[in-house]
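Enquirer: quick check, what structure comes out for this input:
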Amino acid sequence: MTAPAALVTGGATRLGRFFVETLAVAGYDIALHYNSSEAPAEEVAVKVRAQGRDCETFQCDFERDDPSALIAEARERFPGLAVLLNSASAYAPAPIAKTDMALLEQQFRVNLFAPFMLIRGFAESVEEGCVVNIIDNKVVRNQYPYAAYLLAKKSLDELTRMAALEFAPKIRVNAIAPGVVLPAETRSSDYLDWRVEGIPAARQGRPEHLGQALLYLLDNPFVCGQTLFVDGGESVNSVGRHSENYPG
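Expert: Predicted coordinates:
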């Protein structure tokens with residue numbers, strides 16, 4: 001019997017790496033996409049294989065390359081491909097006034113165009129499966145310091161629902177919107193304390209919270225077209241902290 005497999009984009013580092021490890025433990029073989037993190041990708045692949053799952057790495061630069069071929073390559077290697085996890089992301093904060101065409105295009109190519117083409121290719125190639133897009137809980141706000149990034153992520157959020165309608169019931173498409181889980185290393189402790197003050201659950205999240213959300217979306221056949229916010233309630237806190245107002 002062919003083992004189920006998952007294609008994880010951006011699977012070599014940060015949350016992508018954690019999602020890879022979560023899926024491997026859950027019994028999936030892994031097609032691990034990376035852009036420039038070849039050595040970390042191979043490290044993750046070794047760890048997955050040590051857990052008894054198969055893992056192959058695939059390089060693709062979403063800023064320059066056509067991602068469509070990635071689905072065909074992954075499915076040729078893993079005939080049981082059943083999950084597409086769009087975790088790769090480009091993050092370049094800048095307000096509208098400081099966003100040029102190059103930055104706008106880069107943010108949309110990685111954060112929207114690549115998932116769009118991958119979803120399309122996945123739906124064409126598999127008989128049945130699940131897509132999970134990784135978004136950002138900022139999509140409920142209009143935080144202009146992240147203009148291009150946030151507009152692309154908002155579009156990906158809408159794409160989740162649009163694709164769910166087009167490809168169901170064969171393909172279920174959902175999304176996860178993480179909150180404060182793995183902040184950038186450049187974020188200060190003061191910033192994190194300030195963010196936590198606006199989280200009703202009064203805590204910073206952990207990667208395993210996102211892993212639980214991922215498995216829920218994969219295992220529940222009656223969830224389709226949903227964005228699951230895993231952020232301690234920050235996104236529904238209308239008086240919460242808005243990043244454009246951060247004093248630091």
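Enquirer: from now on I want contacts and neighbour counts done on CA atoms only, so please keep to that.
Expert: Will do.
Enquirer: show me what the strand or helix carrying residue 73 is in contact with.
Expert: Secondary-structure assignment from DSSP states H and E places residue 73 in helix 68-77. Helix 68-77 has contacts (Cα atoms under 8 Å, 6 or more residues apart in numbering) with 7, 31, 58, 60, 81, 117-118, 121-122, 125.
Enquirer: export whatever helix or strand comes next after it to CSV, keeping only CA atoms.
Expert: Reading on from helix 68-77 to the C-terminus, the next helix or strand found by DSSP H and E is strand 81-86. Provided in CSV are the C-alpha atoms of strand 81-86 (Å, rounded to 0.1, in the frame of the first residue of the first chain):
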residue,chain,number,x,y,z
LEU,A,81,0.8,12.6,-2.3
ALA,A,82,-2.3,13.7,-0.3
VAL,A,83,-1.4,16.9,1.5
LEU,A,84,-0.1,20.3,0.3
LEU,A,85,1.1,22.6,3.1
ASN,A,86,1.9,26.1,1.8
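Enquirer: how far off helix 68-77 does strand 81-86 point, in degrees?
Expert: Strand 81-86 and helix 68-77 meet at an angle of 150 degrees, taking axes from the mean of the first three to the mean of the last three Cα atoms, to 10 degrees as the criterion.
Enquirer: show me how far strand 81-86 is from its chain's centre.
Expert: For strand 81-86, the distance from its own C-alpha centre to the chain's C-alpha centre is 11 Å (Cα atoms, centre = their mean, to the nearest Å).
Enquirer: let me see the mean pLDDT of that strand.
Expert: Here strand 81-86 scores 98 as its mean pLDDT.
Enquirer: strand partners (parallel or antiparallel) of it?
Expert: Each strand pairing with strand 81-86, determined using DSSP bridges, is listed with its direction: strand 5-8 (parallel), strand 129-134 (parallel).
Enquirer: deepest of the ones you listed, which one?
Expert: For those, ranked by mean neighbour count under the definition mean count of other Cα atoms under 10 Å, the leader is strand 5-8 at a mean of 28.
Enquirer: show me the contact partners of that strand.
Expert: Applying Cα under 8 Å, 6+ apart, the set of residues contacting strand 5-8 from outside is 16, 19-20, 23, 28-33, 74, 78-87.
Enquirer: coming back round to it: could I get the strands paired with strand 81-86 as JSON lines with mean pLDDT?
Expert: Shown next, in JSON lines, are the strands paired with strand 81-86 (pLDDT from 0 to 100):
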{"stretch": "strand 5-8", "mean pLDDT": "98"}
{"stretch": "strand 129-134", "mean pLDDT": "98"}
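Enquirer: which one of the contacts of helix 68-77 is nearest residue 181?
Expert: residue 7 (22.3 Å; Cα to Cα).
Enquirer: please name the bridge partners of the closest one.
Expert: With DSSP bridges as the criterion, residue 7 is bridged to residue 31, residue 84.
Enquirer: can you pull out the strands in the chain?
Expert: Listed in chain order, the strands found in the chain under DSSP state E are 5-8, 29-34, 55-59, 81-86, 129-134, 171-178, 227-230.
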